[in-house]
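J.: Pasting a predicted model and its sequence here:
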Amino acid sequence: LVGMCDINEERGKKTAKINEIKFSKFKIDLEDSKFLEMYGALIGDGWLCNPQKNNKWVVGICGNLKLDKEYLLYCRNLLTHITERKGYLFEKPKNNVIEFRFQHKRFFKILNEELNFPAGLKENLKIPYQLYSLRYDKLKFIIRGIFDTDGSFYIGKNSKGMRTCPCISLHMKEPVLLKQIADILKK
């Protein structure tokens, strides 16, 4: 029995070493359009689970059960492209919610520690300098992700009720982020 424990301990050490090598090799191309779009979606309806609560490294996006399932499947494909892993969809019919959840410790740490995306409550959101300093042809993918989750498009009407001009709108309470987006679009 003692010999068996030694063998299992050795296997455990080898597995841990292999996992550490994989962990350190995982990189994200910050100019990849799919990553940038996913980052924008996370700013909109995404979240990072606080790992102190349950020692899990969960990244998620919530949506309306009836309206957003196809979009969350699209997000799953984006993350599969970025990380070569698939996430899972969870339906909550009582709340009319569908969630896309994904566990990946290194991806989580890049978002949280390198790009300052908050775990837990999302407050004081802004596009981090590493991304904000990119050219517009890259930044537009972040805006697309934000717009997909928190944006709307409508035709405005004047005081006489006549349709006048197309309007885009973002529904969020993050003044710094909204100013960044406005500055990007004005440029």
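T.: Looks like it arrived, so ask away.

J.: Report the secondary structure state of the residue nearest to the spatial centre of the chain.
T.: The C-alpha lying nearest the average C-alpha coordinate of the chain belongs to L42 (C-alpha atoms, centre = their mean; 3.0 Å). The local conformation at L42, judged by DSSP: H, G, I helix; E, B strand; the rest coil, is helix.

J.: Show me the helices in this structure, by range?
T.: All helices of the chain, identified by DSSP state H, fall at 2-25, 33-45, 51-54, 69-83, 105-109, 129-132, 136-150, 175-186.

J.: from what I can see K138 touches E31, true?
T.: Yes. Between K138 and E31 there is a contact at 5.4 Å, judged by C-beta atoms under 8 Å. (Each C-beta comes from the backbone N, C-alpha and C, glycine too.)

J.: So which of those two has more stuff around it?
T.: K138 (16 against 13; other C-beta atoms under 10 Å).

J.: so how far is K34 from the more buried one?
T.: Using C-beta to C-beta, to the nearest Å, we find K138 at a distance of 12 Å from K34.

J.: do F26 as well
T.: 15 Å.

J.: for this structure, what are the low-confidence residue spans?
T.: 1-24 (pLDDT under 70).

J.: hmm, 80 instead?
T.: For the chain, applying pLDDT under 80 flags the ranges 1-25, 50-55, 158-159, 161, 163.

J.: Based on its surroundings, how many neighbours for M172?
T.: 16.

J.: Apologies, that question was intended for N112.
T.: Close neighbours of N112, defined as other C-beta under 10 Å, add up to 17.

J.: From G63, how far out is it?
T.: From N112 across to G63, the span is 22 Å (C-beta to C-beta).

J.: Quick check, L30 in contact with Q130.
T.: Yes. Contact criterion C-beta under 8 Å: L30 and Q130 qualify, at 5.9 Å.

J.: State the distance from the closest residue to F100 other than its chain neighbours to C62.
T.: Excluding the flanking residues, the one nearest F100 by C-beta to C-beta, 6 or more residues apart in numbering is L72, at 4.3 Å. Applying C-beta to C-beta, the value for L72 to C62 is 9 Å.

J.: Pull up the overlap in contacts between the two.
T.: I98, E99 (C-beta atoms under 8 Å, 6 or more residues apart in numbering).

J.: on that earlier part again, nearest to F117, of the helices of the chain?
T.: Taking C-beta to C-beta, helix 33-45 is the member of the helices of the chain nearest to F117, at 6.6 Å.

J.: Tell me how far that closest one lies from the chain's centre.
T.: Distance of helix 33-45 from its chain centroid, counting by C-alpha atoms, centre = their mean, to the nearest Å, is 5 Å.
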